[in-house]
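Colleague: fold the following, please.
(chains A, B, C and D)
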2 protein chains.
Amino acid sequence: MKILDTAAAPAIATVDLILFALGETGLEVLLIRRGAAPFLDAWALPGGWIHTDEDADLDAAAHRILREKTGVATPYIEQLQTVGNATRDPRGWSLSVAYVALIGPGQAPAVRGGNAADAAWRPVEAVLAEAGDLAFDHGALLGHALARVRRKVEYSTLPVHLLPERFTLSDLQSVYERVLGRRLDKSAFRKRMAEVDFVEPVPGEMRRGSNRPAQIYRLKEARSTAFFDRVL
Amino acid sequence: MKILDTAAAPAIATVDLILFALGETGLEVLLIRRGAAPFLDAWALPGGWIHTDEDADLDAAAHRILREKTGVATPYIEQLQTVGNATRDPRGWSLSVAYVALIGPGQAPAVRGGNAADAAWRPVEAVLAEAGDLAFDHGALLGHALARVRRKVEYSTLPVHLLPERFTLSDLQSVYERVLGRRLDKSAFRKRMAEVDFVEPVPGEMRRGSNRPAQIYRLKEARSTAFFDRVL
DNA sequence: GCCACTTAGTGTCGATTGTCAACTAAGTTA
DNA sequence: TAACTTAGTTGACAATCGACACTAAGTGGC
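Modeller: Presented below is the predicted three-dimensional model:
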């Protein structure tokens, strides 16, 4: 019997973040221009090494990298998938744990550098059209993340995390429609939201415009997601 | 600017498998008794190190470990989640990519040793009741896997992979019922299966017993899973 | 002051779906 | 040939859905 069944060489272990926000044109993703080899000057997803001496666990590493690279504070974050192979990083066998994060307007401050020369919000569709331009396999990662988010929007309350803390039901419906790319029926939408019971009206607070005021809502439990019995 | 932003110490990278099959009492999971420290002699999920010199990618590593530790050939396999922290393995910061695999009867040969002293199929409920007895955090991993499978059964055709290649619709319904723990309506069930159109009758093949013969079906596309619009 | 306009939120009604149960079908066994 | 078992279909009724219209509550034009 072998005493120690160890790998030939340790794998490189990193965390990559797919950070989504809602822009003028729809979903946007945060990209960072790489300031070091490999893929110097190429656009990439924000990511970094796991620091075994300071990260208590994977989620902590994801939060640290999110903070360091983007200056964003604890939005909704969820592990997506892990990719690992011999070819994605020229430096060797590389393992990347991908996290999807959603962020509301106002929670995304002016993007900062970190050890990246530059950072920018880009419309997902445009980025995916030239997915091959991204560093590593980040194009594929982004595609996978987008598919996951689109699918999950169909049967969950995920999109609330793309809104500010307080919002109206019309705001919420509009987010669903923008992410899904199709119109939804107002009464059916409201019925569905009432069923899962995950938002509550803020008493007395109304949004006023040049029309009927709208009730303002907030999440019942922060950072949570509810699931529908049926697809929207 | 730092030249190399590397981790203090490399993380241990492993793959763990949660292998489910259908037994007399319901879902069963394959456990292996550890033949080496840490957790010598404790029961554990089959797993192993990533071999950066022979595994082309993560999925290949999962398949290799499945083969080596269990002798099972390529069933349905899906990445579940990745856990990583400083405490789960006494040897250091450890990263484990967990895969869920489903296997049909007859595809599970007599369990073999590998570098494990022993292996056995155990009913999931019984194992979970004493989840703390498993090595590492494998109890939690198993719980998570079971929750994922149970949930996915509600809205997908996942359970076909627990059956042999050829089966009747009654067989299929029975698997759903056993995994979900409740009865389903026959006509509704058949309608749902017809909708997603993922199985096809094998012409002329019937299962005979002391009653009306039943049409035999097979998967239209092997190793694929379809999704329902609504929950069962 | 009143009417047009806009967006919020509710109600109606025909169509669809799910539930429950009965019914027909096709074999084996007594 | 009648009783029994499981396969597979059909029908009635209630619950739910989806499209669309309607009411509500504000602003602004004139």
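Colleague: in whichever helix in chain A runs longest, which residues are buried?
Modeller: In chain A, taking DSSP state H as the definition, the longest helix is helix A:138-155. Residues A:138-139, A:141-146, A:148-149, A:152-155 are the ones in helix A:138-155 that count as buried (16 or more other CB atoms under 10 Å in any protein chain shown). C-betas here are computed from N, CA, C, even on glycine.
Colleague: filter the residues you listed down to the ones near chain B?
Modeller: When contact is defined as CB under 8 Å from any CB of the partner chain, the buried residues of helix A:138-155 meet chain B at A:Tyr155.
Colleague: for the buried residues of helix A:138-155, which one is nearest DNA strand C?
Modeller: For the buried residues of helix A:138-155, the residue nearest DNA strand C by CB to the nearest atom of the strand is A:Tyr155; the value is 14.4 Å.
Colleague: quick one on the thing from earlier: list the contacts of the longest helix of chain A.
Modeller: For helix A:138-155, contacts defined as CB atoms under 8 Å, 6 or more residues apart in numbering or on different chains pick out A:16, A:18, A:20, A:27, A:29, A:44-45, A:80-81, A:83, A:96, A:98, A:100, A:102, A:124, A:127-128, A:131-134, A:158-159, A:176, A:179-180, A:227-228, A:230-232, B:155.
Colleague: does the next helix or strand after it come close to DNA strand C?
Modeller: Sequence-wise, the next helix or strand downstream of helix A:138-155 (DSSP states H and E) is strand A:166-168. Yes. Judged by CB under 7 Å from any atom of the strand, strand A:166-168 and DNA strand C are in contact via A:Thr168.
Colleague: does strand A:166-168 reach DNA strand D?
Modeller: No. Using CB under 7 Å from any atom of the strand, strand A:166-168 stays clear of DNA strand D, coming no nearer than 13.4 Å.
Colleague: quickly run through the sheet partners of that strand, with directions.
Modeller: Strand pairing for strand A:166-168, determined by DSSP bridges: strand A:211-219 (antiparallel).
Colleague: ok, and for the partner strand, which residues are buried?
Modeller: Using 16+ other CB under 10 Å as the burial criterion, the residues of strand A:211-219 that qualify are A:Ala214, A:Ile216, A:Tyr217, A:Arg218, A:Leu219.
Colleague: same check on stretch A:57-67?
Modeller: By 16+ other CB under 10 Å, the buried positions in stretch A:57-67 come out as A:Asp57, A:Leu58, A:Asp59, A:Ala60, A:Ala61, A:Ala62, A:His63, A:Arg64, A:Ile65, A:Leu66.
Colleague: now the fourth one: which helix or strand?
Modeller: When elements are assigned from DSSP H and E, A:Ala60 belongs to helix A:58-70.
Colleague: show residues contacting that helix.
Modeller: With CB under 8 Å, 6+ apart as the criterion, helix A:58-70 contacts A:15, A:17, A:19, A:30, A:32, A:46-48, A:50-51, A:54-55, A:72-75, A:77, A:79, A:97, A:99, A:101, A:111-112, A:114, A:116, A:119, B:82-85, B:95.
Colleague: one more: stretch A:197-215?
Modeller: A:157, A:160, A:166, A:168-170, A:172, A:193, A:216-221, A:224-226.
Colleague: now swap in stretch A:180-189 and tell me
Modeller: A:Gly26, A:Arg150, A:Val153, A:Glu154, A:Leu169, A:Gln173, A:Tyr176, A:Glu177, A:Leu232.
Colleague: quick one, the helix or strand just after the helix holding A:Ala60 and helix A:58-70 angle?
Modeller: Downstream of helix A:58-70, the first helix or strand assigned by DSSP H and E is strand A:76-85. Between strand A:76-85 and helix A:58-70, the angle comes out at 100 degrees (axes from the mean of the first three to the mean of the last three CA atoms, to 10 degrees).
Colleague: mind listing what the residue nearest the centre of chain A touches?
Modeller: For chain A, the residue nearest the mean C-alpha position is A:Ala101 (2.5 Å; CA atoms, centre = their mean). Contacts for A:Ala101 (CB under 8 Å, 6+ apart) come out as A:Leu17, A:Ile18, A:Leu19, A:Phe20, A:Leu66, A:Val72, A:Pro75, A:Tyr76, A:Ile77, A:Glu78.
Colleague: you'd agree it is in a helix?
Modeller: No. If the criterion is DSSP: H, G, I helix; E, B strand; the rest coil, then A:Ala101 is strand and not within a helix.
Colleague: need the pLDDT of the nearest residue to it once chain neighbours are set aside.
Modeller: Distances taken as CB to CB, 6 or more residues apart in numbering or on different chains put A:Ile77 closest to A:Ala101, at 4.3 Å, once the chain neighbours are dropped. Per-residue confidence at A:Ile77 stands at 94 (pLDDT).
Colleague: burial count for A:Ile77?
Modeller: For A:Ile77, the count of nearby residues is 20 (other CB atoms under 10 Å in any protein chain shown).
Colleague: and it, how far is that from B:Trp93?
Modeller: Separation of A:Ile77 from B:Trp93 (CB to CB, to the nearest Å): 20 Å.
Colleague: also A:Leu180?
Modeller: Relative to B:Trp93, and taking CB to CB, A:Leu180 is found at 40 Å.
Colleague: likewise for A:His138?
Modeller: A:His138 is 25 Å from B:Trp93, by CB to CB.
Colleague: and for A:Arg33?
Modeller: 30 Å.
Colleague: neighbour count winner among these two?
Modeller: Higher neighbour count among A:Arg33 and B:Trp93: B:Trp93, with 25 against 17, using other CB under 10 Å.
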